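Colleague: Below is the structure, and that's it, no one-letter string:
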């Protein structure tokens, strides 16, 4: 029987690459996408649907997490705060959604348990990123243990983070090597037809392409 | 400034007691209830609302988790399986909702981060219970560490489980001592006006009263 991986796919470049790596390692892919009232919910969902089509997944879950809007406390949801556009700063930015990856991984664990999956793939990046605490390797290792303690006793689910120590430049390079259709991905924090180019997420993505002397296939304002 | 606790309150006896203990320890209570398409969603919500009124909470969140229905794989949601009524058995029963407490605690952590809360209270019971893996102390200790690693760097959130080693008899006794209005709570897994008396949850609750020679104030079929 072939091995199965639940791949959390946001629609961005990183998670598209992580899922492609899973596929290259021989996993059947169960796609998992979250609508959590993020500003770019609609745009990300479109990208997710293109990516799972590109991958040819065996199952796809698009799950609604309406509660993040009630919790709020982040610039990525609602109008309370604005997305900063003046460059990536040290520390945890206002775009941090409290414990988002903890919630995502917990739900992914429930999906994995249902399908008897062997792994969860998540495209977190530790160093060359926005500094979110729930993207760090020590957090992922810890919650991996917690998940196996909380699942049925024979569970040996592994959380795989193939991008965690990569730079954005290496992510672009590897995506091109593996044929990820980067024109189908969306990284911008803002909800517009073209990427803004100035939010942290756009800046990190653009730097990846620029360092390689390449042009990003998506359009910027 | 007074200390704050996010109390996960299902509407059942155990979580009502856990929240009352938190209040007795001097915490301000932030009530947190989940609608996850469980068979008794409506009935539990009614009990939750009475319990938070009894407690006089400072905030109350009722959050919708529609995705558990899409995941399924449990007798507590939907019509796929029936709730067993032939007595509590060893092992993990079909009423186990995959990683439910992991998901609940992750969302509670997000709420706690927003309010700068000091603790999460959850009414899990390890020995005298249905045998769910995500009710065990080793799981709770582990996810407590994971949560603090995934939250902002200054977070020292503590998951409190004051009932974890109590028997149902001790839970009933302590509830009466602390004045928990047990007539406002609902434990049955089935959706009816009166509790069924024969599902695992009813059996465990009834045993608690019987062992004390007391009568449960709720009505049974």
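Modeller: Structure's in. What do you need? Quick caveat: nothing in here was measured; it's all calculated off a predicted structure. Numbers count the residues shown, from 1 in each chain, chains lettered A, B, ... in the order given.
Colleague: could you pull out the strands for chain A?
Modeller: Taking DSSP state E as the test, the strands found in chain A are A:4-8, A:28-35, A:59-64, A:119-121, A:158-160.
Colleague: can you list the residues that contact the last one?
Modeller: In this structure, residues lying in contact with strand A:158-160 by Cβ atoms under 8 Å, 6 or more residues apart in numbering or on different chains are A:5, A:18, A:22, A:105, A:118-122, A:140, A:143-144, A:147. For every residue, glycine as well, the C-beta is placed using N, CA and C.
Colleague: If we use 7 Å, what do you get?
Modeller: Under the criterion Cβ atoms under 7 Å, 6 or more residues apart in numbering or on different chains, residues A:22, A:105, A:118, A:119, A:120, A:121, A:122, A:140, A:144 lie in contact with strand A:158-160.
Colleague: repeat for the first one
Modeller: Judged by Cβ under 7 Å, 6+ apart, the contacts made with strand A:4-8 from elsewhere in the structure are A:15, A:18-19, A:22, A:27-32, A:104, A:108, A:111-112, A:115, A:117-122.
Colleague: Throw together a ChimeraX command that grabs the buried residues out of the contacts of strand A:158-160.
Modeller: In ChimeraX, this line selects whichever of those come out buried by 16 or more other Cβ atoms under 10 Å in any protein chain shown:
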select /A:22,105,118,119,120,121,122,140,144
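Colleague: Redo the contacts of strand A:158-160 as TSV? Include pLDDT and distance to chain B.
Modeller: Below are those laid out as TSV (pLDDT from 0 to 100; distance: Cβ to the nearest Cβ, whole Å):
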residue	pLDDT	distance to chain B
A:22	98	20
A:105	97	8
A:118	97	15
A:119	98	15
A:120	98	12
A:121	98	17
A:122	98	12
A:140	96	9
A:144	97	9
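Colleague: Just the closest of the contacts of strand A:158-160 to residue B:91, please.
Modeller: residue A:118 (22.9 Å; Cβ to Cβ).
Colleague: That closest one contacts residue A:3, doesn't it?
Modeller: Yes. When contacts are counted by Cβ atoms under 7 Å, residue A:118 is listed as touching residue A:3 (4.5 Å).
Colleague: for chain A, which spans come out with low pLDDT?
Modeller: For chain A, the stretches flagged by pLDDT under 70 are A:1, A:73-82, A:90, A:128-130.
Colleague: Tell me which residues touch residue A:127, please.
Modeller: residue A:165.
Colleague: mind checking how far it is from chain B?
Modeller: 16 Å (Cβ to the nearest Cβ, to the nearest Å).
Colleague: can you check residue A:2 too?
Modeller: 20 Å.
Colleague: What sits closest to that residue if chain neighbours are left out?
Modeller: residue A:28 (5.2 Å; Cβ to Cβ, 6 or more residues apart in numbering or on different chains).
Colleague: What are the neighbouring residues in contact with the one you found?
Modeller: Contacts of residue A:28 (Cβ under 7 Å, 6+ apart): A:2, A:4, A:58.
Colleague: For beta bridges, what are the partners of the second one?
Modeller: To tie it back to what came earlier, the one meant is residue A:4. residue A:28 (DSSP bridges).
Colleague: Against residue A:126, how distant is residue A:212?
Modeller: Using Cβ to Cβ, to the nearest Å, we find residue A:212 at a distance of 21 Å from residue A:126.
Colleague: same question, residue A:29
Modeller: 24 Å.
Colleague: So for the two, which residue has more residues nearby?
Modeller: residue A:29 (23 against 18; other Cβ atoms under 10 Å in any protein chain shown).
Colleague: Leaving out chain neighbours, which residue sits closest to the more buried one?
Modeller: In this structure, residue A:29 finds its nearest non-sequential neighbour in residue A:57, 4.4 Å apart by Cβ to Cβ, 6+ apart.
Colleague: Check residue A:61 too.
Modeller: residue A:32 (5.0 Å).
Colleague: what's the burial count for residue A:206?
Modeller: So residue A:206, with other Cβ under 10 Å, has 19 neighbours.
Colleague: Pull the contacting residues for it.
Modeller: Residues near residue A:206 by Cβ under 7 Å, 6+ apart: A:197, A:216.
Colleague: ok, now residue A:186?
Modeller: Residue A:186 neighbours (Cβ under 7 Å, 6+ apart): A:11, A:12, A:40, A:43, A:44, A:47.
Colleague: measure the residue sitting furthest away from the middle of chain A to residue B:92 for me?
Modeller: Within chain A, residue A:153 marks the point farthest from the mean C-alpha position, 28.3 Å out by Cα atoms, centre = their mean. Distance, residue A:153 to residue B:92, using Cβ to Cβ: 7 Å.
Colleague: which neighbours do those two share?
Modeller: With Cβ under 7 Å, 6+ apart as the test, residue A:153 and residue B:92 both reach residue B:133.
Colleague: So which residues on chain A come close to chain B?
Modeller: Residues of chain A lying near chain B by Cβ under 7 Å from any Cβ of the partner chain: A:61, A:63-64, A:66-67, A:70-71, A:73, A:92, A:98-99, A:101-103, A:106-107, A:109-111, A:113-114, A:133-134, A:138-139, A:142-143, A:145-147, A:149-153.
Colleague: Report the buried members of the residues you listed.
Modeller: Buried, going by 16+ other Cβ under 10 Å: A:61, A:63, A:67, A:71, A:73, A:98-99, A:101-103, A:106-107, A:109-111, A:113-114, A:133-134, A:139, A:142-143, A:145-147, A:149-152, out of the residues of chain A next to chain B.
Colleague: Tell me how many other residues surround the nearest residue to residue A:148 once chain neighbours are set aside.
Modeller: The shortest distance from residue A:148 to any non-neighbouring residue, by Cβ to Cβ, 6+ apart, is to residue A:155 (5.4 Å). Residues lying near residue A:155 (other Cβ under 10 Å) number 19.
Colleague: got it, and the one 10 residues further on?
Modeller: The local packing of residue A:165 (other Cβ under 10 Å) involves 12 other residues.
Colleague: What's the separation between it and chain B?
Modeller: If you go by Cβ to the nearest Cβ, the gap between residue A:165 and chain B works out to 17 Å.
Colleague: quick one: the residue nearest to residue A:29 and residue A:32 touch, right?
Modeller: No. Look at residue A:57 against residue A:32 with Cβ under 7 Å: they stay out of range, at 9.6 Å.
Colleague: Please identify which of those two sits among more neighbours.
Modeller: Neighbour comparison, residue A:57 and residue A:32: the larger count goes to residue A:32, with 29 against 19 (by other Cβ under 10 Å).
Colleague: if I read this right, that one contacts residue A:108, doesn't it?
Modeller: Yes. Between residue A:32 and residue A:108 there is a contact at 5.7 Å, judged by Cβ under 7 Å.
Colleague: can you give me the helices in chain A?
Modeller: Secondary structure of chain A, counting by DSSP state H: helices at A:13-24, A:41-55, A:67-71, A:100-115, A:137-150, A:168-177, A:200-211.
Colleague: Cool, thanks, signing off.
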